[in-house]
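Enquirer: please work out how this folds:
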Amino acid sequence: MSFTEPIESYAGAVRETTIGAGDSAVTIGGAKSLPFYNFDAPAGNAPKIAMEVYDSAPQGWPAALESALGDVAGDPVAWAKRCVELGADAVCVQLASTDPNGADTSADDAAAIVKAVTEAVNVPVIVYGCGNADKDAEVLKKVAEACDGSNLLLGPATEDNYKAIVAAALGYGHGVIGETPIDVNMAKQLNILMTQLGLDASRIVMDPSTGAIGYGIEYAYTVMERLRLAALGQCDDMCSLPIIVNLGKEAWRAKEAKATDAEEPAWGDETKRGVLWEATSALTCAMGGADLIVMRHPDAVALVKQSFASLADQ
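Expert: Purely as a prediction, here's the structure:
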């Protein structure tokens, strides 16, 4: 009796989205099957890795992480260049210092930092605000204007500020990250609202929110998987957009990643533990459907890229 290998075929597909301009442009999405199910149908563009760059020197990071970054922390341009040298597919500028409850860096200063990074690297640039809806709307408008035509990916656009961020993206030729709190229907609704303002769906990337291994990632995984299944199996146009996960800060927020050997001697080598925590979290998100993963530690990035290459050969 002969064996016929079962093939699962889908009528739908994930949209492709291009970020960056000219020779630096990168395309994500395009899957016609579940992640890495190359035996069913083309899995689209392989997931891309963006590495974090902060607009000011981070405070309280583990020694293992600080030593891996070397002397670039506090210099966004040098940091971005280092990320490119380490193989990042994109650079993600985290404008943490713009937080009104922190340094409250001005929109003009933040825009100048992003513009300098954009001019210094030959990979796409992603920009995340501080998470304060009002301040992000103000800052990202300035960033969009300063980097006119660079096709940045700007976010997070939320229910509270998407109108201002979409308007800036439309005016200056950028893409938008729509962020929702781990809910399929809310992600879909935000996409509808943004497209109703005239933003083409091909310029939207979804951030459904996530956590690290051990901190709710199983819930985030199921939401990403359901978005992917709705795109493929139900041909749902507003669920068929690529997914980004802002993972680095979540992975290294976990105590298991940042605790020292002295604090938790039974947990293993602190120089390896955080790397494995981030890499495992990233691979889990990729299996759920993430097309663009923002990461932090160079060794974790290398592990994940190696895993992607191995999976692509299956």
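
Enquirer: what helices or strands is the lowest-mean-pLDDT helix or strand in the chain leaning on?
Expert: Sorting the helices and strands of the chain by mean pLDDT, DSSP states H and E puts helix 63-69 at the bottom, at a mean of 88. Helix 63-69 makes packing contacts with helix 270-288, helix 298-312 when contacts are defined by 3 or more C-beta pairs under 8 Å, 6 or more residues apart in numbering; DSSP states H and E. The way it works is simple: take the backbone N, C-alpha and C, and place the C-beta from them, glycine included.

Enquirer: cutoff 6 Å now
Expert: helix 270-288 (3 or more C-beta pairs under 6 Å, 6 or more residues apart in numbering; DSSP states H and E).

Enquirer: quick one on the thing from earlier: hmm, who's touching the least confident helix or strand of the chain?
Expert: Contact partners of helix 63-69, identified using C-beta atoms under 6 Å, 6 or more residues apart in numbering, comprise 270, 271, 274, 297, 298.

Enquirer: can you tell me how far the second one is from residue 293?
Expert: When distance is defined by C-beta to C-beta, to the nearest Å, residue 271 is 22 Å away from residue 293.

Enquirer: between those two, which one's more packed in?
Expert: Using other C-beta atoms under 10 Å as the criterion, residue 271 and residue 293 rank with residue 293 on top: 28 against 15.

Enquirer: enumerate every residue touching the more buried one.
Expert: 49, 245, 247, 282, 285.

Enquirer: hmm, 7 Å instead?
Expert: 47, 49, 245, 247, 282, 285, 286 (C-beta atoms under 7 Å, 6 or more residues apart in numbering).

Enquirer: which residues touch the first one?
Expert: So the one you mean is residue 47. Contacts for residue 47 were tallied using C-beta under 7 Å, 6+ apart; they are 286, 290, 291, 292, 293, 308.

Enquirer: wasn't the fifth one part of a strand?
Expert: Same thing as residue 293. Yes: per DSSP: H, G, I helix; E, B strand; the rest coil, residue 293 lies within a strand segment.

Enquirer: who's it bridged to?
Expert: Taking DSSP bridges as the rule, residue 293 bridges to residue 49, residue 245.

Enquirer: what's the distance between it and residue 4?
Expert: For residue 293, the distance to residue 4 - C-beta to C-beta - is 35 Å.

Enquirer: what do you get for residue 229?
Expert: 24 Å.

Enquirer: likewise residue 119?
Expert: From residue 119 to residue 4 the distance is 55 Å (C-beta to C-beta).

Enquirer: repeat that for residue 135.
Expert: Distance from residue 135 to residue 4, by C-beta to C-beta: 58 Å.

Enquirer: now swap in residue 224 and tell me
Expert: 31 Å.

Enquirer: neighbour count: these two, which is higher?
Expert: residue 224 (27 against 5).

Enquirer: the closest residue to the more buried one other than its chain neighbours: how many residues sit nearby?
Expert: The shortest distance from residue 224 to any residue other than its chain neighbours is 3.7 Å, reached at residue 288 (C-beta to C-beta, 6 or more residues apart in numbering). Neighbourhood size, residue 288 [other C-beta under 10 Å]: 24.

Enquirer: got the contact list for residue 288?
Expert: 221, 224, 225.

Enquirer: tell me the contacts of the last one?
Expert: By C-beta under 7 Å, 6+ apart, the contact list for residue 225 reads 288, 289.

Enquirer: name the helix or strand for it, please.
Expert: Assigned by DSSP states H and E, residue 225 falls within helix 217-233.

Enquirer: avg pLDDT for that helix?
Expert: Averaging pLDDT along helix 217-233 yields 96.

Enquirer: got the angle between that helix and helix 270-288?
Expert: 30 degrees (axes from the mean of the first three to the mean of the last three C-alpha atoms, to 10 degrees).

Enquirer: residues of helix 217-233 that come out buried?
Expert: 217, 220-221, 223-232 (16 or more other C-beta atoms under 10 Å).

Enquirer: so which bits of stretch 7-26 are buried?
Expert: 10, 12, 13, 14, 15, 16, 17, 19, 20, 24, 26.

Enquirer: and the furthest pair within these?
Expert: 10 and 24 (31.6 Å; C-beta to C-beta).

Enquirer: for the stretch 101-250 of the chain, give me the ranges with low pLDDT.
Expert: For the stretch 101-250 of the chain, no stretch is flagged by pLDDT under 70.

Enquirer: lovely, talk soon.
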